[in-house]
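Colleague: Structure of the sequence below:
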Amino acid sequence: MVIIRFDSPEAERRALGWLAGRFSFKTWANGELMLEETALPYLARECVPFKVEGLPKYEQAIPAVRTADPAQV
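Modeller: Take a look at the predicted model:
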């Protein structure tokens, strides 16, 4: 997995539209997108400009464990 950032909102919109259904990814409101490294050549082939930020932080790569409230009896 790798974190990328797009040059413009238009590029991000195009990339998300193309990635949906083809690769798994996660996006955040700050403009970062985490996806498999194997998807990068396909984005480049579609002429979507992006910058590789690097590897994801632990908090980004591992989903949060949530504990449910105790069941009421």
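Colleague: now the strands for the chain?
Modeller: 2-6, 25-27, 32-35, 50-54 (DSSP state E).
Colleague: Mind giving me the packing neighbours of the shortest one?
Modeller: So that's strand 25-27. helix 9-19, strand 32-35 (3 or more CB pairs under 8 Å, 6 or more residues apart in numbering; DSSP states H and E). Heads up, the C-betas are built off the backbone N, CA and C, glycines and all.
Colleague: just so I know, which of the ones you listed lies nearest residue 44?
Modeller: Closest to residue 44 of the helices and strands packed on strand 25-27 is helix 9-19 (CB to CB; 10.7 Å).
Colleague: Number of residues surrounding the nearest residue to residue 32 once chain neighbours are set aside?
Modeller: Excluding its sequence neighbours, the residue lying closest to residue 32 (CB to CB, 6 or more residues apart in numbering) is residue 3, at 5.3 Å. Residues lying near residue 3 (other CB atoms under 10 Å) number 19.
Colleague: residue contacts, residue 3?
Modeller: 32, 33, 34, 52, 53, 54, 55, 56, 60 (CB atoms under 8 Å, 6 or more residues apart in numbering).
Colleague: Are any of the residues you listed buried, and if so which?
Modeller: Buried members of those, counted by 16 or more other CB atoms under 10 Å: 33, 34, 56.
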